[in-house]
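Student: Okay, here's the prediction I keep looking at, along with the sequence it came from:
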Amino acid sequence: MLLFAIGTVCVFPSHGPASDGIVPLLGQMKAAQSQKPILRVEVDLQPVDVQVKDAKGNNVLGLSAKDFTVFENGRPQKIAFFDAGNGPVSLAVLVDSSDSMYSNGRLGSAQAVAAQFMRTARPGDEMFAMDFTDQMGPFQRLTREQLLNPSEMTLAPAFSGGSALYDAIATALCHLNTSKNPRQAVIVISDGIDEYSRITLEQLIGLVRSSRAQLFMIGLPSTPEYNFQGHTTPKLTLVSGHDIDNPAVVFNRLMKESGAESFIPKSGRGLEEALKAVSNMLESEYTLAYYPRENASKLRKIEVKVDRHGAHVLTRRFVAPYHQGFIHFEEGTCAASPKFYPYPYESDLTKGAAGIIYREDFSNPHSGWPNHQDSHYVRGGYELSNSKEEIANPAAPVTKAGPFVVRDLGTTYHENVIAAYGPWWKDFRASAKINAALSSQSHEKNLQFPYATHPAAGLVFRLTSGGYYALLIRGKTSKKSISAELVKRDFVGDSYTETQIVPWTKLAIQPSNSEIELSVQATGDQISLFVNGQEIKRIRDDTFDQGLVGFVISGPGHATFKNLVVEGK
């Protein structure tokens, strides 16, 4: 296995300092062919890229080394080298092509986005591009021909459960470690919803601190109703029940740690303006370099001050030695290693005749399923609940039903409590046992229950950011009075629409020990439904062709699920 880290390096000419005692760090050399400067690496030198803005946010140009003071861990440092943004840059463009990206169709490929920089590219600049979902596309060094005629192909989101944003950034930093230019930047275009990265945000932060690259984050909200910067909590909860890092918080941390900026454009024109702003920043920034007085093997805090009234500085906050940024990549690649960063469910996978088999008995409370007040592990199973006793103040906000909304802490009631986890499935057969205690009455719309609800629970399948299917039962299994239905729920704005595909059907099936086994077989557009092994209906519907498998409870009550088995591909 390969251990990866980016060491701090500085490349500069070896033919001596300039007349003012400051050697250009990255300036383009115009020497004759026979007098090309010899470049060497100074591993002890610490370079820092700096943006200077005036009170109106405009770039401040024309500064010299004498205008800056650099502090490391509070101590002033002697600036040994200085450059005013003339050097070439190695730039990588990453585009999130996952199905959660509402606007990915008009974005085009990472190549197409990178091509917009062609008119501002300078001799010596390197351009790279990579599309990503939960899988990484090829990391390509773009030729001039590719920039003139970029591919419109994106990494197909087919058979993709979302995005692995952190893994994608780590992959880019890994590749940039071998780029020819010390000045490096990564432009990331994503909604910031990271569901499938193997590494964590904190592990990525460590890598960023030990790298040279600046991260320019361009956030495109997934859906119109999702307020990208409207939440300040560190975590948001997806419809699957899983908590993710708040995209606004993620963007803010990454751009601050790398000394860059983030942008939230509201239109295609806004995206163009954001890309132009990044280009302007790269052209106007300064690079300072110094020899650290502190132990270079430790994390150090960086502060840069500028002697200009009303001006402020934008730069990275910390620098770290290479060993603190170690990420394990698969041998010979820049892909995060499954061996060192496994998904929790991977230990429950085995090979089967139809592909893979996922078995979850919920005996391990750390196997990856959501763990909230209304969706959690219990002894011998997994429980979803919407109990009347748990309903908070009726005036408290009710959590919305859309796919990317925050979990309201003022109430535990949700229209549909959903928990889903494990692999992303296309054709499969899934089964689980359920023991449900549901209210026997419907609850019409009121302050506590904003929609008419029919208390039910069951299996969710092909859950995506667009919606899901649900095989539901209602009644009490202990009283052996059970009906079943199949519904399709499409997310629309911050709510959903429901289509009854198979109407409520009373079942002449006797529960065993108050438990009922629900099974679904989905192949292409054909869906077969089973209760206690008996097929109750076979239908065709092609609205959703892939997604997660999980559980749901609608309306007041609680249900315990056991022995989930999914086999397929």
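Tutor: Okay, I see it.

Student: helices or strands up against the helix ranked longest in the chain?
Tutor: Of all the segments of type helix in the chain, defined by DSSP state H, the longest one is helix 268-284. In terms of contacts (3 or more C-beta pairs under 8 Å, 6 or more residues apart in numbering; DSSP states H and E), helix 268-284 is packed against strand 184-190, strand 214-219, strand 262-263. Where C-beta positions appear, they are placed from N, C-alpha and C, glycine not excepted.

Student: Contacts for the first one, please.
Tutor: Put plainly, it is strand 184-190. Where contact means C-beta atoms under 8 Å, 6 or more residues apart in numbering, the residues beyond strand 184-190 that reach it are 89-96, 101, 107, 113, 163, 165, 168-169, 172-173, 176, 211-220, 254, 260, 271, 275, 278, 282.

Student: show me what contacts P342?
Tutor: Contacts for P342 (C-beta under 8 Å, 6+ apart) come out as R198.

Student: Please report how far it lies from L201.
Tutor: To L201, P342 is 18 Å away according to C-beta to C-beta, to the nearest Å.

Student: ok, now L142?
Tutor: To L201, L142 is 29 Å away according to C-beta to C-beta.

Student: which one of those two has more residues nearby?
Tutor: Neighbours were counted for L142 and for L201 using other C-beta atoms under 10 Å; L142 has more, 23 against 18.

Student: close enough to count as contact, F82 and S64?
Tutor: Yes: counting by C-beta atoms under 8 Å, F82 touches S64, with 7.2 Å between them.

Student: which of those two has more neighbours?
Tutor: Comparing F82 with S64 by other C-beta under 10 Å, the one with more neighbours is F82, at 24 against 12.

Student: Got the domain ranges for this structure?
Tutor: As given by automatic domain parsing, the domain ranges for the chain are 2-85+288-318, 90-285, 344-568.

Student: can you list the ones you listed in JSON lines and add mean pLDDT and distance to C334?
Tutor: Formatted as JSON lines, the domains of the chain follow (pLDDT from 0 to 100; distance: least, C-beta to C-beta, whole Å):
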{"stretch": "domain 2-85+288-318", "mean pLDDT": "70", "distance to C334": "7"}
{"stretch": "domain 90-285", "mean pLDDT": "82", "distance to C334": "4"}
{"stretch": "domain 344-568", "mean pLDDT": "81", "distance to C334": "21"}
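
Student: which one of these has the most crowded surroundings?
Tutor: Highest mean neighbour count of the domains of the chain: domain 90-285, a mean of 20 (counted as mean count of other C-beta atoms under 10 Å).

Student: for that one, the distance to its chain's centre please.
Tutor: Distance of domain 90-285 from the chain centroid (C-alpha atoms, centre = their mean, to the nearest Å) equals 10 Å.

Student: Ignoring the adjacent residues along the chain, who's closest to F132?
Tutor: Nearest residue to F132, sequence neighbours excluded (C-beta to C-beta, 6 or more residues apart in numbering): A168, at 4.1 Å.

Student: That neighbour looks like it's in a helix, true?
Tutor: Yes: membership of A168 in a helix is supported by DSSP: H, G, I helix; E, B strand; the rest coil.

Student: Would you agree it is in contact with D131?
Tutor: No: using C-beta under 8 Å, A168 is not in contact with D131, being 9.1 Å away.

Student: Identify the contacts common to those two.
Tutor: When contacts are counted by C-beta under 8 Å, 6+ apart, A168 and D131 are jointly contacted by L94.

Student: Where do the helices of the stretch 51-200 of the chain begin and end?
Tutor: In the stretch 51-200 of the chain, the segments counted as helices under DSSP state H, counting those that start in this stretch are 104-107, 110-115, 144-148, 165-176.

Student: Any idea which of those helices gets closest to A470?
Tutor: Proximity to A470, assessed across the helices of the stretch 51-200 of the chain by C-beta to C-beta, is greatest for helix 104-107 (27.0 Å).

Student: neighbouring strands for the helix or strand hosting L471, and are they parallel or not?
Tutor: In this structure, L471 sits in strand 467-474 according to DSSP states H and E. Using DSSP bridges, the strands paired with strand 467-474 in its sheet are strand 456-464 (antiparallel), strand 483-492 (antiparallel).

Student: Would you tell me what the next helix or strand after the last one is?
Tutor: The reference is to strand 483-492. Counting by DSSP H and E, what follows strand 483-492 is strand 495-506.

Student: neighbouring contacts of that following strand?
Tutor: So strand 495-506 is contacted by 400-402, 467, 469, 474, 482-490, 529, 536-537, 539, 541 (C-beta under 8 Å, 6+ apart).

Student: and if we set it to 7 Å?
Tutor: 400-402, 467, 483-490, 529, 536-537, 539, 541 (C-beta atoms under 7 Å, 6 or more residues apart in numbering).

Student: Would you mind listing the residues in contact with G475?
Tutor: Counted by C-beta under 7 Å, 6+ apart, G475 has contacts L438, S481, I482, S483.

Student: The strand holding L471 versus strand 495-506: what angle between them?
Tutor: Inter-element angle recorded for strand 467-474 and strand 495-506: 40 degrees (by axes from the mean of the first three to the mean of the last three C-alpha atoms, to 10 degrees).

Student: Hmm, Q51 and L288 touching each other?
Tutor: No: taking contacts as C-beta atoms under 7 Å, L288 lies outside contact range of Q51: 11.8 Å.

Student: quick one, phi/psi of E195?
Tutor: Main-chain dihedrals, E195, degrees, to the nearest 10: phi -110, psi -20.

Student: ok, it - contacts?
Tutor: Shown in contact with E195 (C-beta under 7 Å, 6+ apart): G161, G162, S163, H242, I244.

Student: Among the residues you listed, which one lies nearest to G380?
Tutor: Closest approach to G380 among those (C-beta to C-beta): H242, at 22.5 Å.

Student: From V250, how far off is the closest one?
Tutor: Note on H242: its distance to V250, by C-beta to C-beta, is 15 Å.

Student: Wasn't E257 part of a helix?
Tutor: Yes: counting by three-state DSSP, E257 falls inside a helix.

Student: And the domains of the chain: which comes nearest G332?
Tutor: Among those, domain 2-85+288-318 sits nearest to G332 (C-beta to C-beta), with 7.3 Å.

Student: Quick check: closest non-adjacent residue to the residue nearest the centre of the chain.
Tutor: Of all residues in the chain, the one closest to the mean position by C-alpha atoms, centre = their mean is D194, 1.9 Å from it. Closest residue in space to D194, ignoring its immediate chain neighbours: L165 at 4.0 Å, by C-beta to C-beta, 6+ apart.
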